[in-house]
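Novice: here's a sequence, model it:
(2 chains)
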Amino acid sequence: MIKGKFIDNLPQVYGIYTGGFLVFIILMAIAEQAGMSAKLIGIFFVAFTVGIYAIIGWLSRTLQVDAYYVAGRQVPTVFNGMATAADWMSGASFVAMAGGIYFKGYGYMALLVGWTGGYVLVASLLAPYLRKFGCYTVPDFIGTRYGGNAARLSAVLVLTVASFTYVTAQINATGTIASVALDIPFGVAVYVGLASILMCSMLGGMRAVTWTQVAQYIVLIIAYLLPVFWISNKMGAGFFPHLMLADEVARIAELEAQFGLGTVKNTAADLATVPKGLAGITKAHSSVNATPWAFISLAVCMMAGTASLPHVMMRYFTTPSVKAARRSVGWSLFFIFLLYSSAPMLATLSKLSLMDPTLTTGIIGKSISEVQALDWYQNWNQANLMFVSDFNGNGTLELNEFFMGGKAVVLATPEIAGLPYVISGLVAAGGMAAAMSTADGLVLAIANALSHDLYYKIIDPKAETAKRLIVARVLLVIIGFAGATIAALEIQGILGSVIWAFDFAMSGLFFPLVLGVWWKRANAQGAVAGMLIGLAVGTWYLIHVRTGGTPIWGVTQLTFGIHGALASLVSMIVVSLATKAPDSATQKMVDEVRIPSGKTVLGKQH
Amino acid sequence: MSKQEQHWDKTRNLLFVTLAIWFVFSIGIFLFGAEMEASSFRPLGYPLSYYMTCQGSLGIFVILIFWFAGRQEKIDEEFGFSEREDD
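Specialist: Here you go, the predicted structure:
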């Protein structure tokens, strides 16, 4: 019921959806004026949006292999760009990025440069060629290009390690938001989040995930941009913040000097009284505070990781043509740019509204008791995201006496700036959309690799379509539960494990993927060596640094992919050259991949 | 040289140009973070180093990908390797 006609009417369908969502926001705003409680508004926002995703998921159910794995390869360029942007921007991007910029400034911005620059590599090195190949999954490309089960299995291994590291963080984020918005314990909220994620992907695979991701992008971008523009206008900082905050950035630097940033230091004993996870402002907002190598190494890891993460790459398998795949990467980055370029603006507005004593919202320089009496301070202090303490005993709040959690920048700023609660409900729905869409993409990437590459291609190549799709769905549920179980243990922070996922993917997959297209001489032995040695060296280095080993070349636990990828490149070239060149059939296959016209290498259904 | 080899030659050259521009704005300029901060060139009034990390490099990447896609389409057309059915 959704095919054909639905594809032709996408702009209208999503136009009505967007309009409907805006009407819903207005209705909630009216309900708030009429006295609806904040808690109820939060529940409405999350339930309404998740309900819509579930309906889309159900409408997109399918029994066809190519619809399940690659959405029938008919997702138009711009819509695939939106879906990729939602797939890409995780709960961490949404909730934690502005906070990272707020606390760490320039050094942290390497992530913004890396997470966007990587798309240039995707567009120019990989996406169009993998689309021409006609694969269902990333290991499908590796397995066919290099030949042999060893290469396919190694690719499945790297994919699983990287994506699983990532997905636990996303299920964790879904649970965090669900537990705040619905007011249920985290351990339960994780499984509520998981159920929502599975509703979107289980029945329709890639097709369902595609159309829910477009819907989720619309929610998350409205939820991110509306508060930024609203706060900027309310503060009188400028009606278009991105172009007009230069004065505010300069003002923050002025206030930093005035309040003695960097000169007044807290003692270790004082800091020990600050709740875990909260931080004070210790770094300058806009000035350069990282060495070139620290900045560049982090950016390089994120860029190479972007080009190797399978849940992003597989989105470009769904476009109707090679040309569309290329353009679609541009649209993806455009839609990502809308959010990423807003995050520093939100950080600036948030910091200034707290710091500037001439603004009514400013708290630095006020008396401690006055700050402790603020409604929003009490709320966020209770949520363990804010803390003040009069270390020097002068009764006044100093810059070094104010502490905040990274998430608070996105979650609390609307309330601090005096926006109605309906905006906070909207932000919760946006965060939920961001975390769910990424989790869906990742769970599907892992389950598809296991069901298509491990089960169908290696274990039971004669399996019938119905059986293949049942196996795919069972695996989806198992992986989701495994991820939720680990997420419920709360081992690592959200952002740390996201960055590790990039390093793992880069260590094992970057060079085997790129050289598969760009170097005909690369063979199966080389690729297997590149994947396994890369992953092993990367993992070894991570453990080495985590257990207190001396860093080599200033590479930290966040950039261990540098060593992994280097080992991967060297071993892949050496082993390839030491063994036999690929046969002429493989060489011809690479030639085929390099031109857009003609049939895909793998059949429409395989 | 066959048509296909010529096509690949041009494709590879385009890749090198694209990657060179990418290198400058993702790696090259950040070797000079302190110099950029001190620069008197301030886009929209922001310090140059701050501007490049917030918007500058990011926006250039978006434009770069669309430019690259357009050039590659021209190369494919020139050698008759475009797909027949396009969306």
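Novice: who in the stretch 101-250 of chain A is up against chain B?
Specialist: Applying CB under 8 Å from any CB of the partner chain, one finds that the stretch 101-250 of chain A approaches chain B through A:106, A:109-110, A:112-114, A:116-117, A:119-121, A:123-125, A:128, A:242-247, A:249-250. For the C-beta atoms, the positions are set from N, CA and C on the backbone; glycine is no exception.
Novice: how about the residues of the stretch 501-606 of chain A by chain B?
Specialist: Contact residues (CB under 8 Å from any CB) of the stretch 501-606 of chain A with chain B: A:D591, A:R594, A:I595, A:P596, A:S597.
Novice: which one is the last one nearest to, not counting chain neighbours?
Specialist: By the measure of CB to CB, 6 or more residues apart in numbering or on different chains, the closest residue to A:S597 outside its immediate chain neighbours is B:F81, 4.6 Å from it.
Novice: any chance of the residues of the stretch 501-606 of chain A next to chain B in a markdown table, with secondary structure, distance to A:L577 and neighbour count too?
Specialist: Below are those laid out as a markdown table (DSSP: H, G, I helix; E, B strand; the rest coil; distance: CB to CB, whole Å; neighbours: other CB atoms under 10 Å in any protein chain shown):
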| residue | secondary structure | distance to A:L577 | neighbour count |
| --- | --- | --- | --- |
| A:D591 | helix | 21 | 14 |
| A:R594 | coil | 22 | 18 |
| A:I595 | coil | 27 | 21 |
| A:P596 | coil | 30 | 24 |
| A:S597 | coil | 32 | 15 |
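Novice: which helix runs longest in the chain?
Specialist: Let's take chain A. Ranked by residue count under DSSP state H, the longest helix found in chain A is helix A:149-182.
Novice: um, chain B though
Specialist: Among all segments of chain B classified by DSSP H, the helix with the greatest residue count is helix B:3-26.
Novice: only the buried residues of the next helix or strand after it, if you could.
Specialist: If you walk from helix B:3-26 toward the C-terminus, the next helix or strand you reach (DSSP states H and E) is helix B:33-38. Judged by neighbour count (16 or more other CB atoms under 10 Å in any protein chain shown), helix B:33-38 contains these buried residues: B:G33, B:M36.
Novice: so what touches the helix or strand just after helix B:33-38?
Specialist: Scanning forward in sequence from helix B:33-38 by DSSP H and E, the next helix or strand is helix B:48-51. Around helix B:48-51, the neighbours that count as contacts under CB atoms under 8 Å, 6 or more residues apart in numbering or on different chains are A:106, A:249, A:286-288, A:344, B:33-34, B:36-37, B:39, B:41-44, B:56.
Novice: quick check: the farthest pair among the residues you listed?
Specialist: Set against one another by CB to CB, the contacts of helix B:48-51 have their most distant pair in B:A34 and B:L44, with a gap of 20.6 Å.
Novice: pull the contacting residues for the closest residue to chain A within chain B.
Specialist: Here chain B gets closest to chain A at one residue, B:G45, 2.9 Å apart by CB to the nearest CB. B:G45 makes contacts with A:A246, A:D247, A:A250, as judged by CB under 8 Å, 6+ apart.
Novice: find the nearest non-adjacent residue to the first one, please.
Specialist: Closest residue to A:A246 in three dimensions, ignoring its sequence neighbours and counting by CB to CB, 6+ apart: B:G45, at 2.9 Å.
Novice: same deal with A:M303?
Specialist: Here the residue nearest A:M303, using CB to CB, 6+ apart, is A:G118, at 4.0 Å.
Novice: from what I can see the one you found touches A:G305, true?
Specialist: Yes - counting by CB atoms under 8 Å, A:G118 sits close enough to A:G305 to count as a contact (7.0 Å).
Novice: so, low pLDDT: which residues of chain A?
Specialist: The model of chain A has pLDDT under 70 over residues A:1-5, A:490-495.
Novice: ok, now chain B?
Specialist: The model of chain B has pLDDT under 70 over residues B:84-87.
Novice: center of it, which residue is that?
Specialist: Relative to the mean C-alpha position of chain B, the nearest C-alpha, by CA atoms, centre = their mean, is the one of B:L64, at 3.5 Å.
Novice: ok, that one - contacts?
Specialist: B:L64 makes contact with A:V120, B:T18, B:I21, B:W22, B:F25 under the criterion CB under 8 Å, 6+ apart.
Novice: tell me which helix or strand the first one sits in.
Specialist: Spelled out, it's A:V120. A:V120 belongs to helix A:110-121 when assigned by DSSP H and E.
Novice: quick one: list the elements packing against that helix.
Specialist: For helix A:110-121, the packing partners by 3 or more CB pairs under 8 Å, 6 or more residues apart in numbering or on different chains; DSSP states H and E come out as helix A:97-104, helix A:292-306, helix A:322-340, helix B:3-26, helix B:57-78.
Novice: turn these into TSV, including distance to A:M82.
Specialist: As requested, the helices and strands packed on helix A:110-121 are exported to TSV (distance: least, CB to CB, whole Å):
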stretch	distance to A:M82
helix A:97-104	19
helix A:292-306	18
helix A:322-340	6
helix B:3-26	24
helix B:57-78	15
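Novice: minimum distance to A:V274: which of these has it?
Specialist: Counting by CB to CB, A:V274 lies closest to helix A:97-104 out of the helices and strands packed on helix A:110-121; the figure is 13.5 Å.
Novice: report the buried residues of the closest one.
Specialist: Buried positions in helix A:97-104, judged by neighbour count with 16+ other CB under 10 Å: A:M97, A:A98, A:G99, A:G100, A:I101, A:Y102, A:F103, A:K104.
Novice: which one among those gets closest to chain B?
Specialist: Nearest to chain B among the buried residues of helix A:97-104: A:I101, at 8.7 Å, using CB to the nearest CB.
Novice: how far away from the center of its chain is the helix or strand harbouring A:L243?
Specialist: In the assignment (DSSP H and E), A:L243 maps to helix A:241-244. Using CA atoms, centre = their mean, to the nearest Å, the distance from the centre of helix A:241-244 to the centre of the chain it belongs to is 25 Å.
Novice: now for that helix, which elements pack on it?
Specialist: Here helix A:241-244 is seen to pack against helix A:205-235, helix A:343-355 when contacts are counted using 3+ CB pairs under 8 Å, 6+ apart.
Novice: and those helices: which comes nearest A:V601?
Specialist: A:V601 sits nearest to helix A:205-235 of all those, at 19.4 Å, using CB to CB.
Novice: ok, how many other residues are close to the nearest residue to A:A173 once chain neighbours are set aside?
Specialist: Nearest residue to A:A173 in three dimensions, chain neighbours excluded: A:G91, at 2.8 Å (CB to CB, 6+ apart). Counted by other CB atoms under 10 Å in any protein chain shown, the residues lying close to A:G91 total 31.
Novice: how about A:G603?
Specialist: When neighbours are defined as other CB under 10 Å, A:G603 has 9 of them.
Novice: go ahead and confirm it touches A:F133.
Specialist: No - with contact defined as CB under 8 Å, A:G603 does not count as touching A:F133 (11.4 Å).
Novice: returning to what we had before: can I get the buried residues of helix A:97-104 in TSV with distance to A:L513?
Specialist: Written out in TSV, the entries for these read as follows (distance: CB to CB, whole Å):
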residue	distance to A:L513
A:M97	27
A:A98	32
A:G99	32
A:G100	28
A:I101	31
A:Y102	35
A:F103	34
A:K104	31
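Novice: now, which of the residues you listed sits nearest A:R61?
Specialist: The closest of the buried residues of helix A:97-104, once distances to A:R61 are taken by CB to CB, is A:M97, at 34.1 Å.
Novice: show me what contacts the closest one?
Specialist: When contacts are counted by CB under 8 Å, 6+ apart, A:M97 is found next to A:L111, A:L112, A:Y340, A:A343.
Novice: what about the last one, how many neighbours?
Specialist: By that I understand A:A343. Around A:A343 there are 26 residues (other CB under 10 Å).
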